[in-house]
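Chemist: Following is a predicted model, sequence given first.
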Amino acid sequence: MKLATWNVNSLTVRLQQVLDWLSVNPVDVLALQELKLTDDKFPADAFMQAGYHAQWFGQKTYNGVALLSRTPVTEVVKNIPSFQDDMARIISATVASDAGDIRVIGGYFPNGQAPGTDKFEYKMAWLKGLRGWLKAELATHPRLVLMGDYNITFDDADVWDPVGMRDQIHCTDEERYHLNAMISMGLHDSFRLFEQPQKSYSWWDYRDFGFRRNHGLRIDHILVSPALKPQVKACTIDKTPRKNERPSDHAPVVLELSTQR
DNA sequence: ATGTCGACGAATCGTCGA
């Protein structure tokens, strides 16, 4: 059983790259972020022909999330029910598999622009709303995966230039407080359950040859609940699609679960 | 301040968001 998350930065531009990636990496579930298209433009047929069911929650120009799955899903929920939001940022569903039923939440967390801005305040309110809802979700769905573009680094190891980026967006104590609070709920950062290459990142700025110089951040995460942790076999970042022509600025993150329960 | 993408409206570039 494999699950993955990928911020594609426009599904219109990246559709063929997603299909190509899936043909090489036939994961059971793929969460997509930043679709940047309305629901009527979602390419459900293309994914169906590739062997994937889809649930999607689109928005014009910005945001937009989807869940692709080998088998049909149930209990689809869009956004955080208890948090009023104009933006399409969360899609959740229950996936049945030989690894047992899993509640999958795919999320595109707010960017936040910079500390002190309205967008940063929105990010803080959104994170607070997420945590309140997540606590209840964990109680009703103990076998849970929360994956997506968090737009937050855990610590210096996730930052190419921790000194230069101190207190900058993605790296502030306020953002990390919320991330750590999720860890305190019992969630695990699956990537750090394993030894990883030094300077592993999931996003690189398009500017200044960010990828070539490995000037990146690890802001795409897969958090797993305590009940699922024993089944986690591996978590990796696949940099291959970042080497494509016209790549997304993000790389996919892949989680492997054992079927053993 | 800058760099580079992608979307959008009203152009064939300027603006915004990331």
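Modeler: Cool, the structure landed.
Chemist: quick one: the strands in the stretch 101-250 of chain A?
Modeler: A:102-108, A:144-149, A:188-189, A:203-204, A:216-217, A:220-224, A:232-237 (DSSP state E, counting those that start in this stretch).
Chemist: Export those strands as CSV, with columns for mean neighbour count and distance to DNA strand B.
Modeler: All C-beta atoms are positioned from the backbone trio N, CA, C, and that covers glycine. Formatted as CSV, those follow (neighbours: other CB atoms under 10 Å; distance: least, CB to the nearest atom of the strand, whole Å):
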stretch, mean neighbour count, distance to DNA strand B
strand A:102-108, 25, 9
strand A:144-149, 26, 8
strand A:188-189, 18, 21
strand A:203-204, 23, 8
strand A:216-217, 24, 11
strand A:220-224, 25, 11
strand A:232-237, 18, 18
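Chemist: Same list, those, but as TSV with mean pLDDT please.
Modeler: Listed next are the strands of the stretch 101-250 of chain A as TSV, based on pLDDT from 0 to 100:
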stretch	mean pLDDT
strand A:102-108	98
strand A:144-149	98
strand A:188-189	98
strand A:203-204	98
strand A:216-217	98
strand A:220-224	98
strand A:232-237	98
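Chemist: Export the ones you listed to a markdown table and append columns for distance to residue A:123.
Modeler: Formatted as a markdown table, the strands of the stretch 101-250 of chain A follow (distance: least, CB to CB, whole Å):
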| stretch | distance to residue A:123 |
| --- | --- |
| strand A:102-108 | 12 |
| strand A:144-149 | 12 |
| strand A:188-189 | 19 |
| strand A:203-204 | 16 |
| strand A:216-217 | 15 |
| strand A:220-224 | 16 |
| strand A:232-237 | 23 |
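Chemist: Among those, single out whichever gets nearest to residue A:197.
Modeler: Proximity to residue A:197, assessed across these by CB to CB, is greatest for strand A:232-237 (8.9 Å).
Chemist: Which neighbouring elements make contact with that closest one?
Modeler: If contacts are counted by 3 or more CB pairs under 8 Å, 6 or more residues apart in numbering; DSSP states H and E, strand A:232-237 sits against strand A:220-224, strand A:253-257.
Chemist: Tell me the helices and strands packed up against the last one.
Modeler: Pointing back at strand A:253-257 there. If you count contacts as 3+ CB pairs under 8 Å, 6+ apart, strand A:253-257 packs onto strand A:2-7, strand A:144-149, strand A:220-224, strand A:232-237.
Chemist: repeat that with 10 Å
Modeler: strand A:2-7, strand A:29-33, strand A:144-149, strand A:220-224, strand A:232-237 (3 or more CB pairs under 10 Å, 6 or more residues apart in numbering; DSSP states H and E).
Chemist: Out of these, which is closest to residue A:158?
Modeler: That would be strand A:220-224 among those, by CB to CB, at 9.2 Å.
Chemist: Quick check, pLDDT for residue A:191.
Modeler: Residue A:191 carries a pLDDT value of 98.
Chemist: Would you confirm that it contacts residue A:158?
Modeler: Yes. Between residue A:191 and residue A:158 there is a contact under CB atoms under 10 Å: 9.3 Å.
Chemist: Mind listing the shared neighbours of those two?
Modeler: Common neighbours of residue A:191 and residue A:158, counting by CB atoms under 10 Å, 6 or more residues apart in numbering, are A:200, A:202, A:218, A:221.
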